[in-house]
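Novice: sharing a model that was predicted from the sequence below.
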Amino acid sequence: MFLRGTGAALALPWLEAMMPSAALAAEQAPRRLAFLFVPNGIHMQDWTPAKTGAEFALPWILEPLAPVREHLAVLSGLTHDKARSNGDGPGDHARSAGAFLTGTQPRKTAGSNIRVGVSVDQVVAQRIGRRTRLPSLELGCEPARQSGQCDSGYSCAYSSNISWRTPHTPMLKEIDPRLVFERMFGTRQGESKKARAERLHTRRSLLDYVRDDARRLRKGLGGADRRKLDEYFTALREIEARVQAAEQGAPPVPGAKMPAGIPRDYAEHVRLMADLMVLAFRADITRVVTFMFANEGSNRTYPKIGVRGGHHHLSHHGGNRDKIASIRKINRFHAEQLAYFLKQLAKTRDGEGTLLDHSTIVYGSAISDGNRHNHNELPVLIAGGGTKNRPQGHVRYQRETPMANLYLSLMDGMGTHQPAFGDSTGRLF
């Protein structure tokens with residue numbers, strides 16, 4: 001259902017008034033799937049729990065996830081063999097991003113003849129995407145590229161994208177929160193540049209355009225639905241305000257034009273994108289999302305947490321204690337942002353449960369130790385209750401278990417059964 005106004009349409013969250021009963025609402029609550037990618041590997045000594053089972057202690061990097069630990073499973077032993085060279089020489093960063101959701105060896109090329117495989121998110125989106133306004137949503141914090149050489153003879157398309165619609169076509173991610181917001185909510189097709197500039201200049205809220213329709217709807221709702229609608233509108237207004245604040249405060253970037261809506265602070269950028277993902281799930285705009293904290297091989301600095309060296313440079317620490325300390329800080333910072341996202345999902349009601357109850361979130365990398373560039377014993381974490389029979393606690397699988405086995409299981413949970421995927425050898429659960 002949508003609220004409509006002049007030049008705008010606002011998707012609504014699930015309301016009791018839309019379903020025959022609360023029991024039916026719980027039964028029909030949609031399942032969502034999100035994949036969150038971090039670059040350059042992780043300091044595994046502070047990631048991997050010492051014990052397996054449900055009662056494992058959270059290692060230092062994962063400590064920020066304590067408030068949602070009952071929703072977590074840490075999976076050890078998984079491998080992305082197709083991120084290895086397999087005769088293609090250097091280029092581990094490009095291969096790791098290319099293989100992360102495809103389980104397929106990227107063709108080594110810096111030209112236009114790129115080839116990898118269809119990613120798991122797009123397999124699901126192609127099956128269930130017709131049920132939502134957007135089949136899938138691809139987000140990140142660093143620009144996507146389709147050309148140029150970024151890693152030892154590999155195209156930048158591999159390093160800056162994890163979602164692939166076809167073996168030759170990446171789904172370019174959006175990094176500007178304003179453009180994400182308008183893609184999700186602003187159906188202003190044919191709007192001129194002048195009209196858009198005037199609308200943004202007046203700072204009108206999307207809710208202003210659908211106000212009359214919202215009042216009519218509210219009159220026919222029960223108390224619980226009214227509260228849910230009010231909470232939804234409040235969240236939407238808050239995100240609009242943050243997007244506008246980012247547009248006013250974005251600094252110039254030497255040699256490049258920064259999109260207008262990118263926040264000055266990287267943590268705020270990540271959290272704003274996290275809130276947009278929550279909103280997309282909440283309004284059932286899409287059920288499939290991918291998010292890249294940064295491109296693979298990113299040399300971003302993190303001065304707010306006391307790390308001024310570039311991430312990629314630091315990952316090649318060679319045993320240097322100071323560099324290792326910086327990598328640990330970056331890894332924990334990313335875990336803090338993941339914790340924020342999961343807590344937002346957990347506090348958002350959805351049918352008879354929460355968005356986290358009805359979602360599966362996969363977080364990790366296709367590089368394990370950034371110093372060694374190894375692609376086995378990967379850092380992989382899943383959260384949420386959207387997949388039945390998913391692992392609980394810390395689980396260690398047999399060495400060299402393909403990560404594609406996990407994807408087969410997740411696709412089953414999304415109603416997208418496949419006999420095989422990538423380099424899979426079977427289902428993980």
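Specialist: Great, that's in hand.
Novice: CA only for contacts and neighbour counts going forward, please
Specialist: OK.
Novice: looking at the protein, which helix or strand is least sure?
Specialist: helix 22-28 (a mean of 49; mean pLDDT, DSSP states H and E).
Novice: beyond that one, next helix or strand please.
Specialist: Toward the C-terminal end, the helix or strand that comes next after helix 22-28 (DSSP states H and E) is strand 32-37.
Novice: so what strands line up beside that next one?
Specialist: The pairing partners recorded for strand 32-37 under DSSP bridges are strand 288-292 (parallel), strand 359-364 (parallel).
Novice: list the contacts of that strand.
Specialist: With C-alpha atoms under 8 Å, 6 or more residues apart in numbering as the test, strand 32-37 has contacts from 121, 281, 287-294, 358-365, 386, 414.
Novice: taking the strands paired with strand 32-37 together, which one is wrapped up most tightly?
Specialist: strand 288-292 (a mean of 25; mean count of other C-alpha atoms under 10 Å).
Novice: buried set for stretch 48-67?
Specialist: Of all the residues in stretch 48-67, those buried under the rule 16 or more other C-alpha atoms under 10 Å are Thr48, Pro49, Thr52, Ala54, Ala57, Leu58, Trp60, Ile61, Leu62, Glu63, Pro64, Leu65.
Novice: now do the second one against Ser368, distance only.
Specialist: When you say that, I think you mean Pro49. As judged by C-alpha to C-alpha, to the nearest Å, Pro49 and Ser368 stand 15 Å apart.
Novice: could you do the first one as well?
Specialist: Relative to Ser368, Thr48 is positioned 11 Å away (C-alpha to C-alpha).
Novice: overlap in contacts of the two?
Specialist: Common contacts of Thr48 and Ser368 (C-alpha under 8 Å, 6+ apart): Pro379.
Novice: contacting residues around His317?
Specialist: Applying C-alpha under 8 Å, 6+ apart, the residues contacting His317 are Lys323, Ile324, Asn371.
Novice: next up, identify which helix or strand the first one is on.
Specialist: To tie it back to what came earlier, the one meant is Lys323. Element membership for Lys323 (DSSP H and E) is helix 321-346.
Novice: how far off centre is that helix?
Specialist: Counting by C-alpha atoms, centre = their mean, to the nearest Å, helix 321-346 is centred 15 Å from the centre of its parent chain.
Novice: go on, stretch 150-160?
Specialist: 21 Å.
Novice: okay, and the beta partners of Leu36?
Specialist: Where Leu36 sits in a bridge, its partners, by DSSP bridges, are Phe291, Tyr363.
Novice: now do the helices in the stretch 151-300 of the chain.
Specialist: Secondary structure of the stretch 151-300 of the chain by DSSP state H, counting those that start in this stretch: the helices cover 156-159, 177-185, 193-202, 206-209, 211-219, 223-249, 266-282.
Novice: out of those, deepest packed?
Specialist: Sort these by mean neighbour count, taking mean count of other C-alpha under 10 Å, and helix 156-159 sits at the top with a mean of 28.
Novice: what helices and strands are in contact with it?
Specialist: helix 92-100, strand 149-151 (3 or more C-alpha pairs under 8 Å, 6 or more residues apart in numbering; DSSP states H and E).
Novice: mind checking the ones you listed for the one nearest to His375?
Specialist: Evaluated with C-alpha to C-alpha, the helices and strands packed on helix 156-159 place helix 92-100 nearest to His375, the distance being 7.8 Å.
Novice: and for the closest one, what's in contact with it?
Specialist: Applying C-alpha under 8 Å, 6+ apart, the contact partners of helix 92-100 are 40, 80, 82-85, 104-106, 116, 150-151, 154-156, 158-162, 296-297, 365-367, 373, 375.
Novice: that helix vs strand 288-292, what angle?
Specialist: 170 degrees (axes from the mean of the first three to the mean of the last three C-alpha atoms, to 10 degrees).
Novice: so what's the residue lying closest to Leu236 once chain neighbours are set aside scoring on pLDDT?
Specialist: Nearest residue to Leu236, sequence neighbours excluded (C-alpha to C-alpha, 6 or more residues apart in numbering): Leu279, at 7.6 Å. For Leu279, the pLDDT comes out at 93.
Novice: quick check: Leu279 vs Ser155, distance?
Specialist: In terms of C-alpha to C-alpha, Leu279 sits 33 Å off from Ser155.
Novice: what of Arg287?
Specialist: Counting by C-alpha to C-alpha, the gap from Arg287 to Ser155 is 29 Å.
Novice: quick one on the thing from earlier: mean pLDDT and distance to Val74 added to the strands paired with strand 32-37, as JSON lines?
Specialist: Output for the strands paired with strand 32-37, formatted as JSON lines (pLDDT from 0 to 100; distance: least, C-alpha to C-alpha, whole Å):
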{"stretch": "strand 288-292", "mean pLDDT": "98", "distance to Val74": "19"}
{"stretch": "strand 359-364", "mean pLDDT": "98", "distance to Val74": "10"}
